[in-house]
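Prediction below, plus the sequence it came from.
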Amino acid sequence: MKEHELQQALDNIQISLEEQQRILFKVKNYNNKRECYKMSKKKICLVAAAATMVLGITVFAASGVIKSWNSSSSSIPDYNSLPTAEECMQDAGFSPVLIQSFENGYEFDNGSIVKNDLRDESDKSVEKFKSLYFRYEKNNDEVTLTSQKYVSEMDITGENAATVGNIPLYYSSYTNKAVPANYKLTEEDKKAEENGELIFSYGANEVTVSKVQNLFWEEDGIKYDLMQIDGSLTKEELIDMAEELINK
């Protein structure tokens, strides 16, 4: 594909965080330059795509509450095969649990390195770190695994769905409704947003509704998150996959 064919205009998307849900963004584009987005406490403006998520809303550092989370990654995968522990340490500064395939048939497809920058109220950088974002596929069904390590403390949302050894697993799910920028919320929409049934994304070409699932846990200071959008996995199957990783 030629360079000019990769230049595709990107819509800004704003996502409400009022219900303190964990948010995942997955937007595919064809720009081979850097992609980035900025997350504030009230909204997220997606300038271009990466896939990442927010594990809670309030992040604390020594200097106070973090007000924004800036991330960037390349649209071209950094890994087309599962990296080694040494490669992960060199690229991200930590080595997560690595798995080529899960017992349920999901196989490693590709992975990305995500650069993160946490900033305070004065837009001063408080902490920088890298995340590893791995994509697994089975019959065109995708599930992603994010691992990251940072010092700042973040609230964890979701139910304590299971415990593996002494490691608690936190599960959350929500419905995301992407709408055009000029979309006016109906009374039903407002009630659904207020009680946490829906999270709205503004800037889409048409109205679409997606189901998002996340399973989060922490082991040896590394934070893991299994995530799926409109996939076939159940909560129990995500828990089984997490258990497989923890017991590896």
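Okay, I see it.

Could you list the low-pLDDT ranges of this structure?
1-64 (pLDDT under 70).

what about the longest helix in the protein?
helix 235-246 (DSSP state H).

Give me the contacts around that one.
97, 99, 102-104, 106, 143, 145, 161-162, 164-165, 167, 169, 171, 173, 213, 215, 217, 219, 224, 226, 228, 233 (Cβ atoms under 8 Å, 6 or more residues apart in numbering). Backbone N, C-alpha and C define where each C-beta goes, glycine included.

What residues sit buried inside it?
235, 237, 238, 239, 241, 242, 243, 245 (16 or more other Cβ atoms under 10 Å).

Generate a markdown table for those, with distance to residue 87 as supplementary columns.
Formatted as a markdown table, the buried residues of helix 235-246 follow (distance: Cβ to Cβ, whole Å):
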| residue | distance to residue 87 |
| --- | --- |
| 235 | 32 |
| 237 | 29 |
| 238 | 26 |
| 239 | 28 |
| 241 | 23 |
| 242 | 23 |
| 243 | 26 |
| 245 | 18 |
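
ok, of these, which one's closest to residue 85?
residue 245 (14.2 Å; Cβ to Cβ).

Assign residue 89 to helix, strand or coil.
Following DSSP: H, G, I helix; E, B strand; the rest coil, residue 89 is assigned to helix.

so it touches residue 96, yeah?
No - shown here, residue 89 and residue 96 do not form a contact pair, counting by Cβ atoms under 8 Å, at 9.9 Å.

who has more neighbours, the two?
residue 96 (24 against 13; other Cβ atoms under 10 Å).

give the contact list for the more buried one.
Taking Cβ under 8 Å, 6+ apart, one finds 88, 132, 147, 222, 224 in contact with residue 96.

From residue 188, how far out is it?
42 Å (Cβ to Cβ, to the nearest Å).

now residue 70
Distance from residue 70 to residue 188, by Cβ to Cβ: 34 Å.

Done for today, thanks.
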